[in-house]
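Asker: any chance you could fold what I've pasted below:
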Amino acid sequence: MSVGVNALNLVKLARYALARWVPGGSRFCEICAHQVRGFMPYRDGRRPPLMHALQVVGSDVTNFECPRCGAHDRERHLFLYLKASGLMEGMREARILHFAPERRLSKIICATRPLSYTKCDLYPDAPDVLPVNIEAMPFADNAFDIVIANHVLEHVSDDLQALREISRVLRSGGVAILQTPYSATLRHTWFDPGIIEPEARRQAYGQEDHVRLYGQDIVARFASTGLRPMVRSHAELLPDVDVRKAGVNAAEPFLAFEAP
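Answerer: The predicted structure follows:
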């Protein structure tokens, strides 16, 4: 058993080394600004069959991780969206709240010198990340200009309560960025409290720690808490981006919402 595992690890290391160091790569990581020969898959690059059948829009598990800096596809895509929408430029004078902050994207946001930058997570793994439950935030009303929750709400027990909290802590006209996987064919968001085992959740929702699968009603569901949709497609915001080269999913829209 250990021999097989070691062999698999060696193969993985070799693939990373080739993708990272061999010159002539046709892919480009927007986060670290390096050319690579390819992006690395998530696990084995395969999703549960139901996720394919329901045309789930989410991470590109085939072109997932940059072999140089480790940036995931959803992190690279969000960075492109932030630049194209003008939000990245506007961060200099902004008060930003970032849930489950991606390490590499956080450095880029910090470099914009925002007025304040609060990083938090339910289970922090770094000393500069605050322990905060998105369903019950300890922040005052209207405390932030931008809230980022990139692939977070699919993990949250009561997403509507989390959305109400996001709306509360945002100033009027503030922006919430709520990238979340969803099914392009499922008409209604679905979840079942009986689906609790990790493998059952993976098969039903796409990942062991997801608690629901959003459907075509995702925008209406988010807007039901008072947030105003500012959703734009990849084609609208990033028409000149070569999705293969950048390793991003063109089907994933920019799920931005404005606080009333």
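Asker: checking my notes, Pro204 in a helix, right?
Answerer: In this structure residue 204 is Ala, not Pro. Yes. Using DSSP: H, G, I helix; E, B strand; the rest coil, the assignment for Ala204 is a helix.
Asker: which ones are touching it?
Answerer: Contacts for Ala204 (CB atoms under 8 Å, 6 or more residues apart in numbering) come out as 50, 192, 195, 213. Yep, even glycine has a C-beta here, placed from its N, CA and C like the rest.
Asker: identify the residues contacting the second one.
Answerer: To tie it back to what came earlier, the one meant is Asp192. Ala204.
Asker: ok, the last one next?
Answerer: When the contact criterion is CB under 8 Å, 6+ apart, the partners of Leu213 are 54, 56, 154, 181-183, 186, 189-191, 204-206.
Asker: and stretch 193-201, end to end?
Answerer: By CA to CA, to the nearest Å, the extent of stretch 193-201 from end to end equals 10 Å.
Asker: that stretch - what's its average pLDDT?
Answerer: Stretch 193-201 shows an average pLDDT of 96 in the prediction.
Asker: all strands of the protein, in order?
Answerer: Assigned by DSSP state E, the strands in the chain fall at 27-29, 34-36, 56-57, 95-99, 116-121, 130-131, 144-149, 170-177, 182-183, 228-229, 256-258.
Asker: can you tell which of the ones you listed is closest to Glu236?
Answerer: strand 256-258 (11.7 Å; CB to CB).
Asker: what strands flank that closest one, and is each parallel or antiparallel?
Answerer: Within its sheet, strand 256-258 is paired with strand 170-177 (antiparallel), strand 228-229 (antiparallel), according to DSSP bridges.
Asker: okay, buried residues for it please.
Answerer: 256-257 (16 or more other CB atoms under 10 Å).
Asker: neighbouring contacts of it?
Answerer: Under the criterion CB under 8 Å, 6+ apart, residues 85, 87, 173-178, 222-223, 227-232 lie in contact with strand 256-258.
Asker: show me just the buried residues among the contacts of Leu213.
Answerer: 54, 56, 154, 181-183, 186, 189, 191, 204-206.
Asker: of the contacts of strand 256-258, grab the buried ones for ChimeraX.
Answerer: In ChimeraX, this line selects whichever of these come out buried by 16+ other CB under 10 Å:
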select :85,87,174,175,176,177,178,222,227,232
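Asker: coming back round to it: restricted to helices, list the contacts of Ala204.
Answerer: Leu50 (DSSP state H).
Asker: among the contacts of Ala204, which pair sits farthest apart?
Answerer: For the contacts of Ala204, and using CB to CB, no pair is farther apart than Leu50 and Asp192, which are 13.2 Å apart.
Asker: now do the contacts for Pro229.
Answerer: Contacts of Pro229 were listed using CB under 8 Å, 6+ apart, and they are 219, 222-223, 256-257.
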